[in-house]
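Participant: Next one to model:
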Amino acid sequence: MRKVLAGFLGTAAVFAGTLVYVLHAPAHRTITFPDGKRFAFTIVDDTDMATVDRGKPLYDILYQYGLRTTKTVWVLKTMQSYAPDQGETLRDPPYREFIADLRHKGFEIALHGVRGGSSERPDIIQGMDEFRDAIGQYPNMQVNHSYNADNIYWGEHRWSFGPYRWAYHLLSQHEFAGEDPHKAYFWGDLVQERVRYVNQFTFDEINLLNVTPSMPYHLDDKPYVNLWFLTADGDNLPRFEALLSHEHLDQLEREGGVCLVYTHLGAGSFNKDGKANPRFEDRIKDVAAHNGWFVPASEILDYLSKQPGWTAEPGLREKIRLETLFLWTLATR
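Facilitator: The predicted model follows:
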């Protein structure tokens, strides 16, 4: 009995020690931002359900307070009918005009897949070319959408650590093949050639440098993506308010951090009576009152990748830590 107990305690001690080693926070990365700004902040807006009527009042507020953010778009009409895929696209003339105006005002236009639903390679090529014609260039940034089969490195392929990838494979009911040259949904070569950044994980932490100092980062086991980035969870208005509380904003400024908020401005919770919800403006006004650098996501990531101490490839320990923290985020959300 004593041997069994000793063996159990020994195994538990090894596991606990390994967990502490993996989850131990890496060295803090100090960033000096342009023009004496104390932190970097932007929004990455998922285009699900987005329309001109819902979006314009919100972007008018962002512009009014001097925030230039990132807006994802779809190019082609969806071929599916379920609600999360509904929204206007660049093929809707008023919406295309709205997006062109945002681009003119300094907002970044990114891609959320070429449509709200799966697309095979010919449609992806056509969608990217139409994006270029409308925006003036190919997208710097791609954000995967929901259950699109053309998502790149999604589902089980999102993970680098073998046990997590295996567990996700057992639980997942969806297949993703954007990186598989043998599948009709392949476009990994186009992402590698034309897109600089792809979103990987979303956390509840306002300062993403506390999650990992290696942002943006490259993963050798996912070669079609040049660089990955993280986002902070502001999915709907309540989460947006919680993330961007005055206390959290003070923390972000005090720590000299980086925050890229992932949200759905077009999904409805940010609007009230056909206008912007006053609660949204209140948080944006508070953000703008802090001494932040408010530019689009790609500009922030470009800047981070040029700073002293940046390395493109995180080590094994940091990759396992990052995936473990995200797994915990999913389990407790």
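
Participant: can you pull the contacts of Thr79?
Facilitator: In this structure residue 79 is Met, not Thr. Residues counted as contacts of Met79 (CB atoms under 8 Å, 6 or more residues apart in numbering) are 115, 117. Backbone N, C-alpha and C define where each C-beta goes, glycine included.

Participant: again, but for Val143
Facilitator: Residues in contact with Val143 (CB under 8 Å, 6+ apart) are 44, 46, 72, 110-112, 198-199.

Participant: how far away is it from Ile109?
Facilitator: 12 Å (CB to CB, to the nearest Å).

Participant: Below-threshold pLDDT in the stretch 1-150 of the chain: ranges please.
Facilitator: 1-26, 81-85 (pLDDT under 70).

Participant: need the helices for the stretch 101-250 of the chain, in chain order.
Facilitator: Secondary structure of the stretch 101-250 of the chain (DSSP state H, counting those that start in this stretch): helices located at 121-135, 162-171, 188-194, 237-243, 246-255.

Participant: Extract the C-alpha set from the fourth one and format it as CSV.
Facilitator: What follows is the C-alpha trace of helix 237-243 in CSV, where atoms were taken according to Å, rounded to 0.1, in the frame of the first residue of the first chain:
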residue,chain,number,x,y,z
LEU,A,237,-21.7,43.9,-25.9
PRO,A,238,-21.6,42.4,-22.4
ARG,A,239,-18.2,40.8,-23.0
PHE,A,240,-17.0,43.9,-24.7
GLU,A,241,-17.9,46.0,-21.7
ALA,A,242,-16.4,43.5,-19.3
LEU,A,243,-13.1,43.3,-21.2
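
Participant: Which strands or helices does it pack on?
Facilitator: Counting contacts by 3 or more CB pairs under 8 Å, 6 or more residues apart in numbering; DSSP states H and E, helix 237-243 packs against strand 227-233, strand 258-263, helix 278-289.

Participant: Nearest to Ala40, out of those?
Facilitator: Minimum separation from Ala40 across those (CB to CB) falls at strand 258-263, 4.7 Å.

Participant: Give me the contact list for the closest one.
Facilitator: 31, 39-46, 199, 202, 206-209, 215, 229-236, 239-240, 243-244, 252, 270, 297, 300, 304.

Participant: circling back to that earlier point, so which of the contacts of Val143 comes closest to Leu322?
Facilitator: After measuring the contacts of Val143 against Leu322 - CB to CB - the closest member comes out as Asn199, at 13.4 Å.

Participant: Quick check: that closest one touching Trp228?
Facilitator: Yes. Asn199 is in contact with Trp228 according to CB atoms under 8 Å; the separation is 7.4 Å.

Participant: on that earlier part again, dump the helices and strands packed on helix 237-243 into a markdown table; add mean pLDDT, mean neighbour count and distance to Ala27 as well.
Facilitator: Below are those laid out as a markdown table (pLDDT from 0 to 100; neighbours: other CB atoms under 10 Å; distance: least, CB to CB, whole Å):
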| stretch | mean pLDDT | mean neighbour count | distance to Ala27 |
| --- | --- | --- | --- |
| strand 227-233 | 98 | 23 | 18 |
| strand 258-263 | 98 | 25 | 16 |
| helix 278-289 | 98 | 17 | 28 |
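
Participant: picking that back up, how about CSV for the contacts of Val143, with neighbour count and distance to His174 added?
Facilitator: Below are the contacts of Val143 laid out as CSV (neighbours: other CB atoms under 10 Å; distance: CB to CB, whole Å):
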residue, neighbour count, distance to His174
Val44, 27, 23
Asp46, 24, 18
Thr72, 23, 20
Ala110, 26, 23
Leu111, 27, 20
His112, 27, 17
Val198, 24, 18
Asn199, 21, 18
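
Participant: Determine which two of those residues are furthest apart.
Facilitator: Spanning the widest gap among the contacts of Val143 are Asp46 and Val198, at 13.7 Å by CB to CB.

Participant: Against Asn226, how distant is Leu316?
Facilitator: Plainly put, Leu316 is 21 Å away from Asn226 if you go by CB to CB.

Participant: Look at those two and report which has more neighbours.
Facilitator: Between Leu316 and Asn226, counting by other CB atoms under 10 Å, Asn226 is the more crowded of the two (17 against 10).

Participant: Over to that one: give its phi and psi.
Facilitator: phi -70, psi -50 (degrees, to the nearest 10).
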